[in-house]
Structures are given as C-alpha cells and as structure tokens.
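Asker: Attaching a predicted model along with its sequence, questions to come.
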Amino acid sequence: MATRLEQVLGTQVSKPNIFDFGKAVNRCKKQRKWALALQLLDDAEEQLLALDVITLTTALGACIGGGWQQPLALLRDAPQRAVDPNMVTYNIAISACERFGEWQQALLLLGDAEAAALAPTVVSYGAAVGACASAAAWREALGQLGMARERRLPSVIAYTSAVAACERAGEWQQALGLLKDLGEGDGLRPDAFLLNAVVSVCEKTSQWPEVLGLFTRFSEEGLQPDLMTFNAAIVASGHGGDWRSALELLAAAEGRGLRPDAIARFAAVRACGENWQQALALVGDFQQRGLVPDVATYNAVLIACERCAEWQQGLALLGSMQEKKMGDANTFAAAMRACRDAGEWPSALELLERFEAHTQPESLTRTAAIGACAGAALWEPALGLLRGLPAPRPEACAAAASACGAAGEWQQALGLALRSRSLLCCNTALSACEKSGAGVPALLLLAEMLRLELEPSAVSYNAAISACGSAQLLPEALALLEEFRLQDLQKDVITYNSAISACEKASAWPEALGLLAEVEEQQMADAISYNAAISSCQGATNYQAALGLFRGLDSKAVQPDLVTFDAVITACQTVSDWEQALVLLKEVPRRGLKPNIITYSAAISACGNAAEWTSAIQLLAEAEEEQLQPNLITMNAAISACEGGGEWQRSLQIFEELAGRGLVPSVVSFTAAMSACSSGGSWAKALKLLRQLEAAQQPNEMSFVAVAAGMASSGEWQQALALWEEYQRRGFPQNTIFCNTVVSACGEGEQWQLSLDLLLQQQQQQVELDSCSYQLALRHFLSRH
C-alpha cells in the first residue's frame, strides 16, 4: 500500500529523504491541502528525518489557507524541530497575518525577527503595512512605512497598502501626502494600482478636484486608467458641473472598450446642470447604445428641466417615464417643482392628484408623496395628504412638517409636532424653526418635548441652537450647548458648529474662539468650525485672529473650502486690507477651488474700502471673464470703490449699468452713487438721484447725508438747509452727521447765526449732539469775530 508521501508525489519512494517530503509539501501548498502538509511533516519526523528551513517555510505557506494561527504555531515550534527560521519564514508568517487582518501579530513577528538578528526585507515591511491596512490601522501602517523608508526598503506595494489604510479611515490628505513622498522622497514611480488607490480615497471623501488631478497623473506616468478610474473622473466632473469633460471622459472610456457604470452616467447627466437640452440628448445617446437609463438618471434630467422652469419638457419626460412604468416620489417632486417655479400651480396639483390616484391612503407611497410635497415646498397639499391617512406614521407627519418648513410655515410645523408627539416630527419642526430664525418657539418646543418625556437627540439640540443663533439669542444658544454637554449623547461637531455660528451672528468672537478651542481639543474641528470662527473675527481688533486661524488650517490637516476664503477675505474687507484680500483671492484656484461671485464681491469691497478703485474695476472685469454674473452687492462695492477713489463719473456709470444687467438699484446703490456725485462737486445730480430713489423706495438717513455733503462742499448752504428742513418734516430720525453737515455748510456760507440757531433747536428737541457739532459752530463764530 502506497504511503502518504507516495500518494502525494504519485510515485514510489524506496528511501524517502527530507527533499522528497519538501517536494510533497510544496505540492500540497499548490493544491491548498494544508492539513495534508502538516501530516507529511509529522511523517517525516516519525522517520527521524531532520526538517530543514526550506521544508518548514514551504509548510508555513501551505498552512495560510487554514488561517493565521497554524503558520504561527509552526513558527513557534521551529526550535523544537531544531530548525532556525530565516527571514523568508517570518515573511510568510507575517503575510498570513496580513491576509486575516491580524496586524498586532504581524508587528510582533517583525519584532521577533529583528530580535533573532534577522534583517527585515522589502517584503517584510510590505506585508506588515498590508496587515495594518487590512485592519484599517492607518497610523500603524504609516509608522511601518516610515520605518521601511528609514531603512531604504520602501516599495510601491507598501505605499499602496498604506493608501488603502488611509482610505478606510477617510484620511485623503495623508493618502495624497504618501503619493508625494513616493516620488520626491524615495524616487519610486507609482503604478496604476497605487494611483487608483489614491483615487478611491479621494472619491469616497468627495475630493473631486483631487480625483481629476489624479486622472491626469495617469497619462503623465505613462499608465492606462481602468474602468474604476474613468468612473471616478466622470463622477468628479459631474460634481463640478463640467458636462463637457464628463462627455469627453465617457467617450474616451467607451473608445477603450470600457462601459462606465450607472453612477458615472448619472453623474454625467447631473453635470449638465441647467443645460436640460444636453441632459436629454445624453439620455437619448445612452438609449441608442442599448443602455437603459435608471430612474435616478431620468430624475437628473427632470431636475435640469426644473432649474430652467421648463415645466412642459418635465411633464413630457414624466409621461415617457410612466409609459415605461418608471418613476418614484423624487420624479414627481422634480416635476412638481418645475411647475411650481414656472408659476404653473394647476399643473403641479394635477401631478399630485395623478400620483395619489396610483397609491392607497394607507400605503408607504403616500408618505413618499408627502415627501415630494416637501421637496416642492407644497405645504398645503402635504397637509391635505396627511389628513387623508387614517393613522399617520411619524414619518408621514415629519414629511408634512418638512414641507411646512420648506415654505417658511414654521407655525404649521410646530402644530404638527405637538399633535404627533414623536421625536422625528419634533426634530423636523425644530429644523423648520431654525430655517425661519424662530428661536423662542424652538426653545418652547424643546421644553415641551421634555415635558412629554420625548428625550431630545443631538439633532434636536443642533436645530434649537441654530434657531437661537439665527434669532441672535446667544445666551440661550450657549445655555442649550451646556445642557447638551450634560446629556448622555454622542458629542458631534455639528452641535458645536451650530453654537460657533450663533456666536458669529452675535459678533461674539471671544466665545466663538473659545468653543473652537474646545472642539480642537476633542479633535473634532472641521472646515465648518473654522469658517464660523473666522467669520466671527470681523473688525480691526480681531482681524489678525481671522488670518491666524486661516493660516493654521494646513497644520491641522483641514482643507479650506470656498466659504473659508469668503470669510477671511470679508475679514480683510472690514479693515480695508485690500492687498491681503487679493493675495487670498489668487490662492483660491491654487487650492483647486473656483471663486464665486461672493468671493469676488468681498475682494472688491476690500478694494473699495481702501479707495483702490482700479483694482476693484479690474476684479469686476475678471469676474465677468470667469462667466460669473455680478450681483447687486458686487456692483455696489464697485460703485463705492470708484467713489472712494474720486472717480465719481465712473461710479455713476456703473450705477447706470445696473438696469441693463437686470439689477434693481437698492438704497445702498443710490446712496453710494449720490455720495460719488457729491464728492465730485455735482450736488445737483446727487439731488436728482435722491428724487429717483424716493419715487422707487424709501431713502434712509445716509441718503440725505450724501446729498447734503455735496451741497456743503459746493457752498450751497441754502440748499443744504432746505434739505435738512425737508428731512425733519418727513419725520426721519435725528442724525448728528446730517446736522453737522448743515452746520458746516451754514458756517462756510458765513451764516454763523443760522449754525447756532440750528444747534439750539436740536438742544430744545433733546437731540444728543457730539463735540464736533459745537466745535464747528464755535469755529465759524470766531471766524466772524
């Protein structure tokens, strides 16, 4: 009868030796028969054959299929078998730990090998890093990679494993840093696996500019992107609204025989944004290629129609979807919003009735229909649908409350919450209060929840704190935060961010910075935390704090977003630091961001405050070159910049352009233009603008002051005095600046008695005057005597 050794080898062995057993064990390894390999080792020992390190190492490799414990057991028993393991033996044991995520054991084995005077190899560190990565132990993975680099033993495989560890932890900055270290520090070239690993990290953390940059890196390295790379790049283009790039990537992928997945195709449609014709054409192209667009893709086209108020196209597409028996609550929501935005309420309600006709009152779909109303801010139909449910579930009540909140009907949402008595509906009502800045009602609802023994959640506190912040109830917001701290709730950054935002709205920068420090200590601070804190630091006393927070973001591994730049540039605006504002504006694209009109408006305002009108005009032109539509804030800033720089005619020209841009001048616009005319000595034009303003809307105090200043500087004291008397007759509040302007005008016109009479009149009316008022009158009196 053939022995076990002969059965494995398939031949007779008269005098077996250790090499025969080694060959048999290797065959077991290839056939993944690890238990048989162990039996062969026992057979060899029974025949008094001395095991060698090669046979033991081969057996370790065979045992990996049975788990990580068996290879480690063999390694531990090596001294009893009189075998000295080498580094290859340890590497196989470490690889077994890597496969099963036993990173602690892997690192212990690496330490044991070094204790045995064995030198770890590239494979050793690659396996150790991989073991840490498989268990998402990213810090340990980076530590092992660092040791490999110190010993000049890094490998692309080890880097790829470290990136995979960062991916599981969402540490995209670390992953990008590793890619940089690979080339700059270690002189290695990335392969497609490594680049795709970094792409995956950035995709999962929504770092879309980085994804597109990495896609370009493939061609720079002479590598071929695969389907996963194309999918990620198309999705990134979709999120950036770059539909042309998305289409080019789709075509390039298909040219290589790749078929991007539904998510990528949906992203390409979504990239079309308001270009509904392109979105429809793209769906038609999918169909011609034999691809069936899913509901989400159709919904993206409907949303494009909605954004352009193309309600007829939306209804036509909805009809086509219904013929295919496609569509969900989101489909109807987008179509209803398109009708609503076009003022086609009858069509929106007809859609709602059509949706109702296919659902039963007790069905979950009816709740989805209420949710559709929430998306379209149709609060009255939502309440009607809710009343049609015999026993509304909390989800349905919450959806109806959401519809009320979207329409600004927080009182209705509050009533639903009190009737529902569910935590979900109460939280939705609190969110409705938050959106409308109804701080006191939010506090009352929170108190009622406690009375009803509905334990508020973190979501409850977040919404209530935000509502208090919007209503400028800072003490109440901070009291809620303190109450939240005392609750047995999971502390999250959203709650603290809500409180920091409340401090920002109340201009309470010391409190904001204190809360930020607390969040930093708990390692929870994110970009939103810093954005709110920076926004709170407006004004000369806090400006450097805002800049310091911004410059410290990189050291805290927090990526600034566009809101961050808007906040810090606005801080520059408040202290007229136009040069710093321009430096920051130039930094925006270097961070992979695209400035929006808010960013440009803040920079233009900074230039305006410093009377740097040339820079302001240049920025305005630059914004338009970037296809950004200047809004009223942008234009007002440009008007003020020219006025401050003595370019009153240019200021007036910009003001006159407002109507052509489809903008309605505000009181601020008129006042800036009037001030410019007055500065240029054209008080008559300023007065004409004041009369135009009065015909359209109510002027404010500074509107009159702007005109009076021009009259005073032109020596037209009679006109200034007449304007002052008109101002008083119309019941405007007393204004010391206006009074001083008229006093100065009378004095310059050698009407010192009128100056004194005006001051006496103000005193009799118990108007509080400043020292400037008396100094002006006294100076003119002394000049005459």
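Answerer: Happy to help now that I have it. Numbering: from 1, shown residues only.
Asker: on contacts alone, who are the packing partners of the helix or strand containing E395?
Answerer: Assessed by DSSP states H and E, E395 sits inside helix 394-406. When contacts are defined as 3 or more C-beta pairs under 8 Å, 6 or more residues apart in numbering; DSSP states H and E, helix 394-406 sits against helix 364-375, helix 379-387, helix 410-420, helix 423-436. For glycine as for every other residue, the C-beta is placed from the backbone atoms N, C-alpha and C.
Asker: dump the residue contacts of the closest residue to I494 other than its chain neighbours.
Answerer: What sits nearest to I494 in space, not counting adjacent residues and going by C-beta to C-beta, 6 or more residues apart in numbering, is N462, at 5.1 Å. N462 sits next to 494-495, 498 when contact means C-beta atoms under 8 Å, 6 or more residues apart in numbering.
Asker: can you tell me how far the residue nearest to the spatial centre of the chain sits from K204?
Answerer: Centroid-nearest residue in the chain, with C-alpha atoms, centre = their mean: D561, separated by 7.0 Å. Distance check for D561 against K204: by C-beta to C-beta, to the nearest Å, it reads 18 Å.
Asker: By neighbours, which of the contacts of N462 wins?
Answerer: S498 (25 neighbours; other C-beta atoms under 10 Å).
Asker: Report pLDDT for it.
Answerer: Looking at S498, its pLDDT is 89.
Asker: What strand or helix carries G238?
Answerer: helix 227-239.
Asker: Would you mind checking the average pLDDT for that helix?
Answerer: 82.
Asker: by contact count, what packs against that helix?
Answerer: helix 192-204, helix 208-220, helix 243-255, helix 262-271.
Asker: Contacts made by that helix with the rest, please.
Answerer: 192, 195-196, 199-200, 202-203, 206, 208-209, 211-212, 215, 218, 225, 243, 245-246, 249-250, 252-253, 258-261, 263-271.
Asker: same thing with stretch 146-154?
Answerer: For stretch 146-154, the external contacting residues (C-beta under 8 Å, 6+ apart) are 120-122, 124-126, 129, 145, 155, 158, 181-182, 185-186, 188.
Asker: TSV for the helices and strands packed on helix 227-239, including distance to N26 and mean pLDDT?
Answerer: Below are the helices and strands packed on helix 227-239 laid out as TSV (distance: least, C-beta to C-beta, whole Å; pLDDT from 0 to 100):
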stretch	distance to N26	mean pLDDT
helix 192-204	28	86
helix 208-220	39	84
helix 243-255	43	80
helix 262-271	45	76
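Asker: Mind checking these for the one nearest to E504?
Answerer: Closest approach to E504 among the helices and strands packed on helix 227-239 is made by helix 208-220 (27.0 Å; C-beta to C-beta).
Asker: What are the buried residues along the closest one?
Answerer: For helix 208-220, burial by neighbour count (16 or more other C-beta atoms under 10 Å) applies to 208-215, 217-218.
Asker: now, which of these sits nearest I737?
Answerer: Closest approach between those and I737, by C-beta to C-beta: P209, at 47.9 Å.
Asker: Let's have the buried residues of helix 208-220 in JSON lines, adding distance to G552.
Answerer: Listed next are these as JSON lines, based on distance: C-beta to C-beta, whole Å:
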{"residue": "W208", "distance to G552": "25"}
{"residue": "P209", "distance to G552": "22"}
{"residue": "E210", "distance to G552": "22"}
{"residue": "V211", "distance to G552": "27"}
{"residue": "L212", "distance to G552": "28"}
{"residue": "G213", "distance to G552": "25"}
{"residue": "L214", "distance to G552": "27"}
{"residue": "F215", "distance to G552": "31"}
{"residue": "R217", "distance to G552": "29"}
{"residue": "F218", "distance to G552": "34"}
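Asker: Tell me the one among those residues nearest to G592.
Answerer: Out of the buried residues of helix 208-220, the member with the shortest distance to G592 (by C-beta to C-beta) is P209, at 3.4 Å.
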